[in-house]
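> My questions are about this predicted structure, shown below with the sequence.
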Protein chains: 4
Amino acid sequence: MSESRGRIGLWLIGAHGGVACTTALGLAALAQGKQSTTGMVTALPAFAGVPFVQPAQFVLGGHDIRRSSFGAGVRELHERSNVIDSNTIAACDAQLAAWSANVRPGVVYRPNAAIAALSDAHFARTAESPVQAVEWIQADLREFVRTRELEALVVVNVASTEPLHEVAVPGTLATLRSAGLPLPTSSLYAYAAMEAGYAYVNLTPSTGANLPALEELAVTKNVPHLGRDAKTGETLLKSVLAPMFAKRNLKVLSWVGHNILGNRDGQVLHDPANKASKVKTKEALLGDLLGYTPQSHVSIEYIPSLDDWKTAWDHIHFEGFLGTKMTLQFTWQGCDSLLAAPLVIDLARLAALAQQRGHAGAYAPAACFFKSPNGVATHDFSAQFALLLDAVA
Amino acid sequence: MSESRGRIGLWLIGAHGGVACTTALGLAALAQGKQSTTGMVTALPAFAGVPFVQPAQFVLGGHDIRRSSFGAGVRELHERSNVIDSNTIAACDAQLAAWSANVRPGVVYRPNAAIAALSDAHFARTAESPVQAVEWIQADLREFVRTRELEALVVVNVASTEPLHEVAVPGTLATLRSAGLPLPTSSLYAYAAMEAGYAYVNLTPSTGANLPALEELAVTKNVPHLGRDAKTGETLLKSVLAPMFAKRNLKVLSWVGHNILGNRDGQVLHDPANKASKVKTKEALLGDLLGYTPQSHVSIEYIPSLDDWKTAWDHIHFEGFLGTKMTLQFTWQGCDSLLAAPLVIDLARLAALAQQRGHAGAYAPAACFFKSPNGVATHDFSAQFALLLDAVA
Amino acid sequence: MSESRGRIGLWLIGAHGGVACTTALGLAALAQGKQSTTGMVTALPAFAGVPFVQPAQFVLGGHDIRRSSFGAGVRELHERSNVIDSNTIAACDAQLAAWSANVRPGVVYRPNAAIAALSDAHFARTAESPVQAVEWIQADLREFVRTRELEALVVVNVASTEPLHEVAVPGTLATLRSAGLPLPTSSLYAYAAMEAGYAYVNLTPSTGANLPALEELAVTKNVPHLGRDAKTGETLLKSVLAPMFAKRNLKVLSWVGHNILGNRDGQVLHDPANKASKVKTKEALLGDLLGYTPQSHVSIEYIPSLDDWKTAWDHIHFEGFLGTKMTLQFTWQGCDSLLAAPLVIDLARLAALAQQRGHAGAYAPAACFFKSPNGVATHDFSAQFALLLDAVA
Amino acid sequence: MSESRGRIGLWLIGAHGGVACTTALGLAALAQGKQSTTGMVTALPAFAGVPFVQPAQFVLGGHDIRRSSFGAGVRELHERSNVIDSNTIAACDAQLAAWSANVRPGVVYRPNAAIAALSDAHFARTAESPVQAVEWIQADLREFVRTRELEALVVVNVASTEPLHEVAVPGTLATLRSAGLPLPTSSLYAYAAMEAGYAYVNLTPSTGANLPALEELAVTKNVPHLGRDAKTGETLLKSVLAPMFAKRNLKVLSWVGHNILGNRDGQVLHDPANKASKVKTKEALLGDLLGYTPQSHVSIEYIPSLDDWKTAWDHIHFEGFLGTKMTLQFTWQGCDSLLAAPLVIDLARLAALAQQRGHAGAYAPAACFFKSPNGVATHDFSAQFALLLDAVA
């Protein structure tokens, strides 16, 4: 059990999205003892003795560029996607409202069109320079820590995927600073968090802390960062199925994956620039897992009728003995926010633990949570999970 | 590379079935350098330095209760299931004919109806007692070793699944012998092989060497045995997917698996008694892999139009965070004989290696090949594969 | 539009089951103008001018052997299967309570074990003879018509499937009566309804009115009956897909259908005797639709985690030109009660219309609703729908 | 039976593609009585008395821009896609060789890049004007008719899909001619055929005869034309499944279809311009079939490992009663050439019959064969099939 029983901040970038709202509801319900920990990796028996932050210790806040609230977000999920019990929502309503008061207008600097379309002009604040954006973000974080008397803070990116950043980023912290922090938005938040001494987690494919200069910052400031791009469905399956083919010496000829989803994430991914980020991290791991690169095709389509449900259909064509071609197909039907939210809690607990233990920089033991794990080469889920057990359990 | 370059016998019980015939063709083609080793685990780069028996060293023989030949078996597969290139068959025809001359009529003692229906009265020999059956089998094995001047022999069971054996088998070698060897047919062959000093492999769900008294025999005679029930499709997938659910703390509510297949194996499994053996080994592993036992349903149906193709449809219903129910479905379309045959070669190589290294009794490092591995508790494919790497690579 | 605006009774046998409760909610909501008519065939534009009974005209009652209520049934569906909006339930609560007061304890005569297990001893009434059962049922129906001042009554069987009735039933009305009405339970209700002059509809595979003696009764009493076994999913798909294969001269080699479901219907079908009824009507139609009988396999398994959701996986193996084997697979994921309830309303409207128009006996134009349509040979859904259009639109 | 027993020409544009070669093999084998007519609509019992051209009456020829032969094409299919029995190929080899001698180098006028990549410079002939292209084509057709002493000729387009034609085509025959025949390639062939008095069939999505000016030509010349875009898989299923949803008043919310295929057709469709033609005809029919237009997404991807096999995965999301969302998914695994070839024979027979009976212009009774039927509004397969029965049987 945790020896410290103080309050730990959990700051959600994209606080009004489905993942953040579900995380808030989940923590509120867990603190009341009203829900099981199903879906949380850190709640497995293997980690029973680890001094993780307990649900009741967390205090939530965040940034968003859309005006809404944790409560409105979970009710929307309930009504549109037929998930989450209405009694649970009612029981947690007061806590969600209290936490919603901690959410601050998002800070943007030159957003792209798909992101801008989501933004409510009265809620987001447009900075005139990256440096100013960082200062505004840090002011919000420090105010949160000070007024809520938090012992530590973990900043988590669960915002919509941003487009691939085309501009080269200076490779060292010094050159980055002297160039005026020419960073994509996700990295401005990562910079702001780590520069202020807070642990940073990135569940999205956006760049976040995944830059040499920001690794240098993390080491300098002695903070951990965990990322990138949580694997919650198709890629999770790839990371257990591809090793199976490899270990049986079955040759994958082609791997086609079609993803259809209907939530705001899907809407943002409908913009080809934003989609490119996501497809790229989804495709990269097959070569590593198989030792060769079969033909691979990944598509993501926005199908509004699905709301928060995501369906992935994968068709894996493989060759066995004597040139015989065979097929594996799977269909994964998962609810995105409900799959990601428990991982947010897991990663916040791991980030807090890592910081408490003095870890600085990319935290490799968290690799099993990510499509593009920082600091680890393998994509094999079993091998990644063994790393986590070794480091933490 | 193997230091010994002598001839090694591979004796196939069920020599005229699809798996055996494909194994024969595969070894003949590999010896000619005509086919790739795709599908063979022992051909992975990780095992590059291991002194395995080389394809050209193998000499094949076997028992069957149906009159046929290796060549007829592969041609039937080609014509009915649209697999195996006809040029390869032509190139290997002479070798297959030579090996077919080594196949001896099967020995049966009180066969059940489904097995008897396959049997050709002019080919099988009915023993009057288990002891006589063992003597006849051993005479065939020894004759094969002597006349072909073999350095070692591996006996592999690829016969059709026999019914669950209801009679209690004496628990020690001494009581087993004094009771007159009251064993199911598969175990009579296992006894005969190991008592004569030959390694034994069991790819089927039949009992084979999986009895305390036969383990005692193996240790006494200093021979290894490997088994039981090769995992080639649905169960292989279970052994990578169930650990994924477990490691993500996703709660499996129900796991339904439907298997349809059209080969002789399917025909034998159509008999409810024979099917019970197979379903039992298919269902057992979920409890181990998950740590609890969800509702599980496995069906196997004989659909002749599929010939050697087996399709498995699995529906996995699971619960995530906040009680949300989600679904994974997969469809596996594999050709049974082509999936099993390379594993026969792998297991023969591993058995020969284990015997050469002096291993006696159940050979645990082969666990990753089996649904009900002898001598190993885990069903997790990744963990099992690590055992193999540790022991052999 | 209907010229008569009087009240029409809808009497549900199995009133506390999911289908009946959903029907009640649907009619209450439609009467309030709170829901769309999606899922109702009689609401299609093609039938716009037909003088069907309007939702607000219906008054509901019924029999059940389990104590419960319409409201409890819909709340259970909402909580366990994540269907039906809670606002709709709240808005209809008073109406459902009023109708629940019309539900009378079920009448049973020698029920089988699976049915008996559902029965609440304080609610069901056990008759001492079939004749007594009929009298009790008719007393309830007449009391309902009298006290609620109904212009007409339609009796609909939505109870759980009963086992195949093994005993021969006398072939004429006279011999049936003189033998003391030796009928299965579903037919006792059908007899009671039609003998009292009420139209009868059978959505289940149970025998109901499907007997020569009961056809004679219907004609004698000048009442219509509609049945048998509503097609809501897998069989509906068979009735459009099989004609496609037939019209393209593609030869179906095998048709395998696996059904998994978790509601009370599934529980009753878990009893092999009850399941046999259902499988029989599901399998029969392929021969008619194709002109030959391919290998066919239908399974139904009770998987409680699915609650009211039913998943059917069908694998259709077919032969095209030059002997080429190809495959169609489908997965249907439907909510049973929500699929059947609108058809209950459709059939009640059609039954009332048929009776108003003087139709006596099996009503063939309703064939498109049923797996085993009374009075019509074809199973082709398109052809059946054309019959409905011709007769009604 | 046919009263005329003379020779009928079948001219295949795209003669060296998989569909044409399979058609040739099929006709040769049928003429020898070596194969069943499975897959041929005109061989159904319903058409038993119709005086169709018999297989042995057909004489084949064609155009292609790739040098190859009917025999090479079928052997490639056999080797790469594991279809077609090698004995059948051997038995028909001489006939295929004889027909291959009738194939003439294709005529092109400004081909696009994807088509040009397939073209063998020594085989195709590049015309300097559309008029010259038409003259060259007609010279080939007339020479074929004259030298082989044919009673009639049917010209069938089974070439790869051409890009959407962006240029406006003059609306009358007179203006078309005076403008110098500014037509896409497929329409140049259609013009050439019909202007010379030969019936024309278009199995592809290319424009072909589907232009007002060419309809005028057909009527003027008293020739029938049949098209456009044979439905062999996904769209065929749409044309039976969408009417099912419509007739049950189930509201389709979204219909997503993913097609993966590996043959030359897939390679050509990989070019976005060519793919656009195909996707357009695949998407158009939902609105007609449902009476409203749900969200629809169709993708086609080139996956070489599949060779001639095409897999379509469709996900249909629909709403039932009380707003309940449900799902139907299907996977169709068909071999493209084997599905299309029997339809080529059917359409050639129908075209010959229509011409014999004096039909001029678009032949509506053939609608059930096409995704974009000329001259018929409905896309409902059952309704279309009824048209065929009415006109022909």
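On my side now, so go ahead.
> Now do the SS call for the residue located most distally from the centre of chain A.
The outermost residue of chain A relative to its centre, with distances by CA atoms, centre = their mean, is A:Leu322 at 43.0 Å. Three-state call for A:Leu322 (DSSP: H, G, I helix; E, B strand; the rest coil): helix.
> quick one: it and B:Leu339 touch, right?
No - checked against CB atoms under 8 Å, the pair A:Leu322 and B:Leu339 is beyond contact range at 10.9 Å. Quick note: C-beta positions are derived from backbone N, CA and C, even for glycine.
> what is in contact with these two at once?
Contact criterion CB atoms under 8 Å, 6 or more residues apart in numbering or on different chains; residues shared by A:Leu322 and B:Leu339: B:Gly39.
> Next, the contact list for A:Leu236, please.
With contact taken as CB under 8 Å, 6+ apart, A:Leu236 is in contact with A:381, B:244, B:248.
> Could you dump these into a markdown table and include neighbour count and pLDDT?
Shown next, in a markdown table, are the contacts of A:Leu236 (neighbours: other CB atoms under 10 Å in any protein chain shown; pLDDT from 0 to 100):
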| residue | neighbour count | pLDDT |
| --- | --- | --- |
| A:Phe381 | 28 | 94 |
| B:Met244 | 20 | 96 |
| B:Arg248 | 26 | 97 |
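> And the residues you listed, which is closest to chain D?
If you rank the contacts of A:Leu236 by distance to chain D using CB to the nearest CB, B:Met244 comes first, at 22.1 Å.
> if I look at that closest one, how far off is B:Val158?
31 Å (CB to CB, to the nearest Å).
> do the same with A:Phe385
From A:Phe385 over to B:Val158 the distance is 35 Å, taken as CB to CB.
> neighbour-wise, which of these two wins?
B:Val158 (28 against 25; other CB atoms under 10 Å in any protein chain shown).
> OK, contacts around whatever residue of the stretch 51-200 of chain A ends up closest to chain D?
Nearest residue of the stretch 51-200 of chain A to chain D (CB to the nearest CB) works out as A:Asn82 at 7.8 Å. Residues near A:Asn82 by CB under 8 Å, 6+ apart: C:82-83, D:325.
> CA atoms only for stretch A:16-23, dumped as CSV, please.
Extracted C-alpha coordinates of stretch A:16-23, given in CSV (Å, rounded to 0.1, in the frame of the first residue of the first chain):
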residue,chain,number,x,y,z
HIS,A,16,-13.9,16.9,-22.1
GLY,A,17,-13.3,13.9,-24.5
GLY,A,18,-14.8,10.5,-23.9
VAL,A,19,-11.6,9.0,-22.5
ALA,A,20,-11.1,11.8,-19.9
CYS,A,21,-14.7,11.8,-18.8
THR,A,22,-14.7,8.0,-18.4
THR,A,23,-11.5,8.2,-16.4
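> How about it and chain C, touching?
No - residues of stretch A:16-23 contacting chain C under CB under 8 Å from any CB of the partner chain: none, with a closest distance of 15.6 Å.
> average model confidence for that stretch?
Mean pLDDT, computed over stretch A:16-23, is 96.
> now stretch A:49-59
On average, stretch A:49-59 scores 97.
> With adjacent residues omitted, what lies nearest to A:Asn11?
Just to correct that, residue A:11 is Trp rather than Asn. Closest residue to A:Trp11 apart from its sequence neighbours, by CB to CB, 6 or more residues apart in numbering or on different chains: A:Val155 at 4.6 Å.
> Just list what the helix or strand where A:Trp11 lies packs against, helices and strands only.
Here A:Trp11, judged by DSSP states H and E, is contained in strand A:8-13. Counting contacts by 3 or more CB pairs under 8 Å, 6 or more residues apart in numbering or on different chains; DSSP states H and E, strand A:8-13 packs against helix A:18-31, strand A:58-64, helix A:130-147, strand A:152-157, helix A:185-195, helix A:336-356.
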